[in-house]
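In: structure for the following, please:
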Amino acid sequence: MSEFTGKVVVITGAGSGIGRALALNLAGQGAKLALSDLDTVGLAEAVRQVKALGAEVKSDHLDVTQREAVFEYAAAVVEYFGKVNQVYNNAGIAYHGEFEKSEFKDFERVMDVDFWGVVNGTKAFLPHLIASGDGHLINISSLFGLLSMPGQSAYNSAKFAVRGFTESVRQEMLIAKHPVKVTCVHPGGIKTAIARNATAGPGEDLDTFAEFFDKKLARTTPEDAAKTIVGGVRKSKPRVLIGLDAKFLDAWVRLVGSSYQRVVAEIAGRVLPKPKAK
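Out: Here you go, the predicted structure:
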């Protein structure tokens, strides 16, 4: 038996990538799973796989941007399992495009999913985590919540916000002496479909960017990412960095300070795919 045996675990964005890998990892350790996603096909496959491992699972189609639906979902999970011990706010999307050329709707969509989805999930489940007497909140930020990149202003904004929000909630839990641990996760390049499923701004060559991400930046498998996250949760770490890229770049930014921005701009200007000419 592991310390996850019998724990009720909620994972959003569980239909693919890190979310599905987390579900499989925790299913193998005896956790009871509440899995959700907008992708019903991917979610069904995740459910099939965790059931094959013997896990008890509740699955739901869920849009994390719909606040009322998230609160209803939290109540339904507690009614089904009787408690909630861990929540992994993992659902997220990507967008690539220069801010100058992007529209508000593109920016808002990323913020709605990647930031407000985390806030909605935290607000809805936090009382239940406290009530469990053994709660753990895990919010997925990004390497791009530690440093910024050109073309990622929307994604950077959301992931920096997740980082600040999560660290603040952790401090509040410590002050209140609530039985809830809080972890912020910063994955580097992970071999998922997030770049291929992203949207892009005017003139951006999304296929070329996705190929660049997959070949040059995505170094860590979802399975290894899940293993690292679960290990960090086991040790109650406040921050979990995933991949050598995240660890190296985090250390580098802390060492050189704001001067990293000019270096990144120079390198990105040379190596990132250029927008299509009009």
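In: okay, CA-based contacts and neighbour counts for the rest of this
Out: OK.
In: what helix or strand is Val77 on?
Out: helix 67-81 (DSSP states H and E).
In: any idea which helix or strand comes after that helix?
Out: Once helix 67-81 ends, the next helix or strand along the chain (criterion: DSSP H and E) is strand 86-89.
In: average model confidence for that following strand?
Out: Computed over strand 86-89, the mean pLDDT rounds to 98.
In: burial check on Gly257, number of neighbours?
Out: 10 (other C-alpha atoms under 10 Å).
In: distance of it relative to His178?
Out: Separation of Gly257 from His178 (C-alpha to C-alpha, to the nearest Å) stands at 34 Å.
In: surely Gln29 meets Thr5?
Out: Yes: counting by C-alpha atoms under 8 Å, Thr5 is a contact partner of Gln29 at 5.9 Å.
In: more neighbours: these two, which one.
Out: Counted by other C-alpha under 10 Å, Gln29 and Thr5 do not tie: Gln29 has more neighbours, with 18 against 14.
In: now do the SS call for the more buried one.
Out: coil (DSSP: H, G, I helix; E, B strand; the rest coil).
In: contacts only, for it.
Out: Gln29 sits next to Met1, Ser2, Phe4, Thr5 when contact means C-alpha atoms under 8 Å, 6 or more residues apart in numbering.
In: can you report how many residues lie near the residue nearest to Val57 when sequence neighbours are not counted?
Out: Among residues not flanking Val57 along the chain, Leu33 sits closest, at 4.6 Å (C-alpha to C-alpha, 6 or more residues apart in numbering). Burial measure for Leu33: 28 neighbouring residues, criterion other C-alpha under 10 Å.
In: list of residues touching the strand or helix carrying Leu33?
Out: Using DSSP H and E, Leu33 falls within strand 32-37. The list of residues contacting strand 32-37 from outside it, by C-alpha under 8 Å, 6+ apart, reads 5-15, 23, 27, 43, 47, 55-63, 77, 91.
In: got the angle for it vs helix 67-81?
Out: Here the directions of strand 32-37 and helix 67-81 differ by 160 degrees (axes from the mean of the first three to the mean of the last three C-alpha atoms, to 10 degrees).
In: any buried residues in stretch 144-163, and which?
Out: For stretch 144-163, the neighbour count (16 or more other C-alpha atoms under 10 Å) marks 144-148, 150-163 as buried.
In: for the record, mean pLDDT for it?
Out: Mean predicted lDDT for stretch 144-163 stands at 96.
In: and the one helix or strand Phe165 maps to, what other elements does it pack with?
Out: Using DSSP H and E, Phe165 sits within helix 153-176. Counting contacts by 3 or more C-alpha pairs under 8 Å, 6 or more residues apart in numbering; DSSP states H and E, helix 153-176 packs against helix 104-110, strand 135-140, strand 180-187.
In: I'd like the average pLDDT over the second one.
Out: Spelled out, that is strand 135-140. Average pLDDT, strand 135-140: 98.
In: equivalent analysis for stretch 60-69, please.
Out: 98.
In: next SSE after the lowest-mean-pLDDT helix or strand in the chain?
Out: Every helix and strand of the chain was ranked by mean pLDDT, DSSP states H and E. The lowest is helix 206-212, at a mean of 61. Downstream of helix 206-212, the next assigned helix or strand under DSSP H and E is helix 222-234.
In: any idea how far the helix or strand just after that following helix is from the middle of the chain?
Out: Moving toward the C-terminus from helix 222-234, the next helix or strand (DSSP H and E) is strand 239-242. In terms of C-alpha atoms, centre = their mean, to the nearest Å, the centre of strand 239-242 is set 12 Å apart from its chain centre.
In: moving C-terminal from strand 239-242, which element do we reach first?
Out: Next along the chain after strand 239-242, taking DSSP H and E as the criterion, comes helix 244-256.
In: what angle separates that following helix from strand 180-187?
Out: 100 degrees.
In: for helix 244-256, which positions count as buried?
Out: Neighbour counts over helix 244-256 (16+ other C-alpha under 10 Å) mark Asp245, Ala246, Lys247, Leu249, Asp250 as buried.
In: so what's the third one up against?
Out: Shown here is Lys247, whose contacts under the criterion C-alpha under 8 Å, 6+ apart are Leu241.
In: picking up where we left off before, narrow the contacts of Gln29 to those in strands?
Out: The members of the contacts of Gln29 all map outside strands under DSSP state E.
In: so can I have a markdown table of these showing distance to Arg270 and pLDDT?
Out: Below are the contacts of Gln29 laid out as a markdown table (distance: C-alpha to C-alpha, whole Å; pLDDT from 0 to 100):
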| residue | distance to Arg270 | pLDDT |
| --- | --- | --- |
| Met1 | 51 | 71 |
| Ser2 | 48 | 82 |
| Phe4 | 46 | 97 |
| Thr5 | 49 | 97 |
